[in-house]
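Chemist: Sequence and predicted structure, then a few things I'm wondering about:
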Amino acid sequence: MKKILVILLLLTNIVNAQNTNKIIPLADFAQKSQIKSIQISPDGKHAAYTYEEGTEVRLGIMNLATKKGVYTFDVGPNREVVQFWWANNKRIGILGANITGLLDGARKAYELIAVNINGKKRKTLWDFQRAGIRLVSLLKDDDKNILVTKSHFADKGAVSLFKMNVNNGKMNYIADSPKAVGGGNAVITAISVDLNNIARFAIEYDPLERNDFEDDLIRLHVKNLSGKWEIIKLPKIKSKKPLINSMGINSTNDKIYFSSDYDLKDGGTTGLFSYDIRSKKIEKLFRHPDVDIGGVVRGPDGELLGVAYDAGYRDYYYITDEASQKEIQFHKSMRASFKNQNFRFINYNKNKDLATLQVYSDKNPGDFYIFDRKKNKATFLASSMPSINPKDMASVEPFTLVARDGMKMYGQMTIPPGKELKNLPLVIHPHGGPYGVSDSWGWSNRPQLLANRGYLVIQLNFRGSGGYGENFAKAGDHEWGNKMQDDITDATLWAINNNYADKDRVCIHGVSYGGYASMQAVVREPDLYKCSIPDAGVYDIDLQMKKADSFYGGRTKQKHWYLEKMLGKDWENQMDARSPTFHVDKIKAKLLLVHGTEDVRVPIENSYVLEKKLKEAGIKYETIYKKDGHGFQKIDNRLALYEKLLSFLDKHIGH
């Protein structure tokens with residue numbers, strides 16, 4: 001382990017000292033990821049990796065011996081590779097989809113493709129038009145097939161197990177899929193396999209009364225060690241349908257792990273539970289009071305070692321399974337080696353002696369390695385953004401605060417290098433979404449850009465954000481521009497009252513929902529912010545619902561559901577009240593409007609109607625509109641935006 005520590009510390013160039021005077025070129029922050037993710041082939045000879053090219057995410061193949069490219073693949077204009085895997089040494093599976101924004105609803109148009117690494121024998125295996133599939137296992141001892149679950153739209157979400165041929169897409173039904181035992185509406189919604197690819201765990205959802213969510217039931221199906229399916233009915237504790245997700249199985253295939261909130265009557269964060277197949281007992285192992293389980297730690301065979309959670313910085317809970325302790329100790333030693341950074345093993349080769357490794361932090365966008373388990377050696381492959389030097393980047397520090405109604409919230413500050421955290425010019429940077437989305441500790445280009453120019457940046461996970469339990473998420477229902485906005489105000493006042501920020505030099509800047517929040521902020525708190533830079537924001541909710549692509553195709557029910565989630569049951573009377581466009585008379589702050597003319601997620605008509613109202617009110621403003629989509633994707637447009645943004649900030653809250 002000492003050898004690992006020395007090698008990795010050298011490779012990752014962990015540097016605590018910061019260059020306090022170095023101004024990083026805008027182009028370094030505007031660039032796209034050279035590599036987003038990478039996986040090693042079963043024989044360890046090649047690596048497949050995703051990278052950004054224009055408005056697409058493509059996939060490349062690299063020969064690991066020569067470090068040279070073999071072939072590159074795309075999945076179409078304005079589409080991205082969202083998942084990929086090695087079907088065998090010569091063939092790759094690629095899941096492609098439309099690139100969409102953070103406002104849910106737009107169709108992804110998924111397509112599963114398989115292709116040889118030399119570009120030959122490209123075949124669409126599945127088009128997802130009337131039925132969906134989900135990868136369950138790569139069947140590493142079977143070069144021709146993968147294991148998937150399939151669900152048809154007419155089957156109410158029910159899934160069954162199939163083998164899919166990676167050469168032609170043919171499906172063979174696995175008769176061992178469990179059967180739902182509830183009423184006519186009960187369905188099996190998920191199936192997991194053990195380390196031997198035997199179906200072992202399934203989740204049944206029984207809605208009972210279709211329009212009454214209070215009496216919904218969840219049943220767990222577990223195959224016992226004799227090969228028979230058994231039903232575990234969870235105690236009816238929670239008043240509403242519980243959240244349940246399979247997390248994995250132990251190395252001896254006799255203990256199943258799942259995350260859930262079923263044991264909390266009124267909801268809360270998800271905890272980790274185990275089910276012992278031998279004793280048939282469920283045990284709660286771990287729950288953080290504030291945050292959900294955020295990920296898993298697996299060993300080389302896919303066995304569960306523990307779970308990750310993010311209460312500010314990333315932390316872990318490890319299981320106590322005796323057979324896994326060696327791998328758990330190895331994971332802990334890697335954490336010690338990568339002090340102040342996060343890491344993950346992405347995948348292993350078939351022999352499990354080589355693995356792809358990603359390392360990242362608040363200052364490091366991401367480095368990728370091949371890790372040799374036999375030699376305890378990491379070989380550097382590539383950086384996600386090679387022009388970014390971690391020693392020049394700003395520190396990101398998590399914080400918590402209590403909102404005016406007593407709700408605890410998490411956020412993070414990006415602190416300018418070399419600056420004392422005192423009376424700094426402040427940019428509040430609300431995230432998009434807003435529901436289910438959150439900001440987490442790590443490197444982000446826009447906060448880092450602003451911090452490099454001397455601005456303190458604060459990002460708050462306001463109510464409605466994901467990862468903090470069901471109650472926190474639902475606290476954002478009906479609260480667009482209302483309590484969600486109050487949370488952002490409270491974070492601003494928190495920074496001022498702690499003397500972190502200069503009260504006379506505060507601006508707000510966000511994208512998508514963050515753009516909406518940036519306009520709503522200067523409507524509701526006209527004396528708090530000196531300027532606002534809304535980017536691709538919703539300013540007229542009624543117009544947005546009519547023009548946006550999220551609800552095309554007669555999706556009226558979905559649109560009304562989302563409006564109620566945003567504004568409450570009285571949404572028809574709330575749209576104008578919560579739309580900044582109709583309240584510009586309150587604005588005192590300086591404005592810079594940012595929008596892409598080809599944005600279909602939040603159409604630029606939002607900005608046009610806002611401009612009209614601003615002109616009528618005699619309020620001056622600036623704009624930067626570019627021929628681009630939802631959030632600028634083109635490098636030249638990003639550079640122009642960054643130049644304008646910094647010039648605007650320097651003028652109104654700068655030094």
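Modeler: Ah, there it is. Numbering: from 1, shown residues only.
Chemist: residue contacts, residue 436?
Modeler: 465, 466, 473 (Cβ atoms under 8 Å, 6 or more residues apart in numbering). C-beta: built from backbone N, CA, C; applies to glycine.
Chemist: Rebuild those residues as JSON lines, extending it with distance to residue 614.
Modeler: Below are the contacts of residue 436 laid out as JSON lines (distance: Cβ to Cβ, whole Å):
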{"residue": "465", "distance to residue 614": "30"}
{"residue": "466", "distance to residue 614": "33"}
{"residue": "473", "distance to residue 614": "34"}
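Chemist: List just the nearest of these to residue 641.
Modeler: Nearest to residue 641 out of these is residue 465 (Cβ to Cβ; 25.1 Å).
Chemist: The nearest residue to that closest one once chain neighbours are set aside - how many residues pack around it?
Modeler: In space, and not counting its chain neighbours, residue 465 is closest to residue 438: 4.3 Å by Cβ to Cβ, 6 or more residues apart in numbering. Neighbour count for residue 438, taken as other Cβ atoms under 10 Å: 22.
Chemist: Kindly provide the distance from residue 438 to residue 228.
Modeler: Per Cβ to Cβ, to the nearest Å, residue 438 is found 42 Å from residue 228.
Chemist: follow-up on the earlier one: thought the residue nearest to residue 465 was touching residue 431?
Modeler: Yes. Assessed by Cβ atoms under 8 Å, residue 438 is found in contact with residue 431 at 6.8 Å.
Chemist: who touches both of the two?
Modeler: Contact criterion Cβ under 8 Å, 6+ apart; residues shared by residue 438 and residue 431: 461, 465.
Chemist: can you give me the helices in the stretch 551-655 of the chain?
Modeler: Secondary structure of the stretch 551-655 of the chain, counting by DSSP state H, counting those that start in this stretch: helices at 556-567, 571-574, 605-616, 635-652.
Chemist: One more: the stretch 251-400 of the chain?
Modeler: Going by DSSP H, counting those that start in this stretch, the stretch 251-400 of the chain shows helices at 325-337.
Chemist: Show the residue spans covered by the strands in it.
Modeler: Counting by DSSP state E, counting those that start in this stretch, the stretch 251-400 of the chain has strands at residues 255-260, 271-276, 281-286, 295-298, 304-311, 313-318, 342-348, 354-360, 367-372, 377-383, 395-402.
Chemist: Just the CA trace of the first one, in PDB.
Modeler: The reference is to strand 255-260. What follows is strand 255-260, C-alpha atoms only, in PDB (Å, rounded to 0.1, in the frame of the first residue of the first chain):
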ATOM      1  CA  LYS A 255     -27.000 -11.100   1.200                       C
ATOM      2  CA  ILE A 256     -28.900  -8.600  -0.900                       C
ATOM      3  CA  TYR A 257     -28.600  -4.800  -0.400                       C
ATOM      4  CA  PHE A 258     -31.100  -2.200  -1.200                       C
ATOM      5  CA  SER A 259     -31.800   1.500  -0.500                       C
ATOM      6  CA  SER A 260     -35.100   2.700   0.800                       C
END
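Chemist: Contacts for it, please.
Modeler: Identification of contacts with strand 255-260 by Cβ under 8 Å, 6+ apart yields 192, 200-201, 220, 222, 234, 242-250, 270-277, 285, 292-293, 304, 307, 319, 321.
Chemist: filter the residues you listed to the buried ones?
Modeler: Buried subset of those (neighbour count, 16 or more other Cβ atoms under 10 Å): 192, 200-201, 220, 222, 234, 242-244, 246-250, 270-275, 277, 292-293, 304, 307, 319, 321.
Chemist: Tell me who's in contact with residue 619.
Modeler: Going by Cβ under 8 Å, 6+ apart, residue 619 touches 584, 587, 591.
Chemist: Ok, which of the strands of the stretch 251-400 of the chain comes nearest residue 453?
Modeler: Of all the strands of the stretch 251-400 of the chain, strand 395-402 comes closest under Cβ to Cβ, at 15.5 Å.
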